[in-house]
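Novice: I'll drop the sequence and a predicted model, then ask my questions.
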Amino acid sequence: MPHSPMTSRTNRRTSATTARSCFTTISFSVAACPMTSPHLVWRTAHIEPLSGLRCAYHEDPVVLGKYLMVVGIFRREVRAMPPRRQRPRESPALVAFGRQMRRMRDAKGVKQETIAQLTTMSGAQISRIENGKRRATRSFVEIVDDHLEASGSLINLWEDLNKDGHPVPIWFDWPQIEADAAILLCYEHSVIPGLAQTPAYALAILRGNKEASDVRIERQAILTRDDSKAPPALLLLIDEQVLTRLVGTPETMREQLEHLIAISSLPNVTVQVVLGSGEHDGNMGAFVVATMEDRSEVAYIETAVRGITTDNPAELSILARTLIDLRSRALTQEMSSELIRKVIQEKWT
């Protein structure tokens, strides 16, 4: 006697739904179960009417033959169907716009529902824009920019991202990103990083531009702020040759290196010197990676033309690998401080 279809192990199960002809109102499955003889197969059909009537089991060869015929037709049609087109990935431009809009909205404490009411859209539509799954219109951006008091920065971003081709990602407000970051990982191969520069050093680097120098020094306030927002954790990876490259006067350099040792004593600041020997990806240029409170990341990359910012995952992955390589070549903080003191004594005193 064959085993019960409810307890037998199924070796093969073929399902088909919405079959043709008289089978268009049911779903069914046909199971093949082994019998005592390996050359014989016992089949049963489980029929489930879509109308909600009771299910039925059939072992009748005629009934089974009809269902297996439908399965054969279904299989042939499935094989003949062209492959389904893959959904395109979200546009990096839309993702970038959405993330920046969300950051600006969160910074102002504005809820998605408020934006939805202002723009006569649903909360779900606002969410799709912020997730990079829907393109925002110019009129939408103008309303949001005005409500968030963005001074046109959101509009400028939208315009950059809607230009022909692939725009260079220069549209993040980096000082704001820097101020909002929870973690800042910085690598410099030619000069002291801006967040650690003295006024005299910054003035020399900026060729006497006092206004720009003052702005740079003011940005350093985030390292010691004591308001409701905690200061960011800052890691400075500085190439060894930076310590011996003259900027300004020897006195400027001595003061700068002493300041570098001083800020390394802050609980949220780590200074490590990357040994100058050897080839590594850091030789390609300086950069900063900002990790935000929501764990998203934005990078600032210096070039000979201008600094650019990006949150492209592929580019962030490259920078992450570069940071791993750089830290493997860096001295510990204690050893770095000792080296800096040595350079002060031997080079700048």
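Specialist: Noted; the coordinates are in hand. Numbers count the residues shown, from 1 in each chain.
Novice: Strands along the stretch 101-250 of the chain, start to end?
Specialist: For the stretch 101-250 of the chain, the strands defined by DSSP state E, counting those that start in this stretch occupy 183-188, 233-239.
Novice: between those strands, which one is nearest to A107?
Specialist: Nearest to A107 among the strands of the stretch 101-250 of the chain is strand 183-188 (17.3 Å), distances taken as CB to CB. Placement of C-beta: from N, CA and C, glycine included.
Novice: Could you spell out the sheet neighbours of that closest one, each with its direction?
Specialist: strand 233-239 (parallel), strand 287-291 (antiparallel) (DSSP bridges).
Novice: List the contacts of it.
Specialist: Residues outside strand 183-188 that contact it (CB atoms under 8 Å, 6 or more residues apart in numbering) are 178, 193, 195, 232-239, 242, 274, 282, 286-291, 322-323, 326.
Novice: Ok, stretch 321-340 next?
Specialist: 185, 187, 237, 240, 243, 257, 260-261, 264, 270-275, 278, 280-282, 287, 289.
Novice: tell me how far the ends of that stretch are from each other?
Specialist: Terminal residues of stretch 321-340 are spaced 26 Å apart (CA to CA, to the nearest Å).
Novice: In that stretch, which residues are buried?
Specialist: T322, L323, L326, R329, A330, L331, Q333, S336, S337, I340 (16 or more other CB atoms under 10 Å).
Novice: right, and the helix or strand after the host helix or strand of the second one?
Specialist: Element membership of L323 [criterion: DSSP states H and E] is helix 313-328. Toward the C-terminal end, the helix or strand that comes next after helix 313-328 (DSSP H and E) is helix 333-347.
Novice: mean confidence for that next one?
Specialist: The average pLDDT within helix 333-347 is 97.
Novice: now stretch 273-289
Specialist: 84.
Novice: for stretch 131-151, same thing?
Specialist: pLDDT averaged over stretch 131-151 gives 89.
Novice: Can you tell me what sits against that stretch?
Specialist: Contact partners of stretch 131-151, identified using CB under 8 Å, 6+ apart, comprise 90-91, 94-99, 101, 104-105, 108, 110, 114-115, 118-119, 121, 125, 128-129, 152-155, 158.
Novice: buried sites along it?
Specialist: For stretch 131-151, using 16+ other CB under 10 Å, the buried residues are G132, R134, R135, A136, F140, V141, V144, D145, H147, L148, A150.
Novice: Against L339, how distant is A330?
Specialist: 11 Å (CB to CB, to the nearest Å).
Novice: An error on my part: the question was meant for E159.
Specialist: Counting by CB to CB - E159 and L339 are separated by 47 Å.
Novice: Drop anything exposed from the contacts of stretch 131-151.
Specialist: Applying 16+ other CB under 10 Å to the contacts of stretch 131-151 flags 94-99, 101, 104-105, 115, 119, 121, 125, 128-129, 153-155, 158 as buried.
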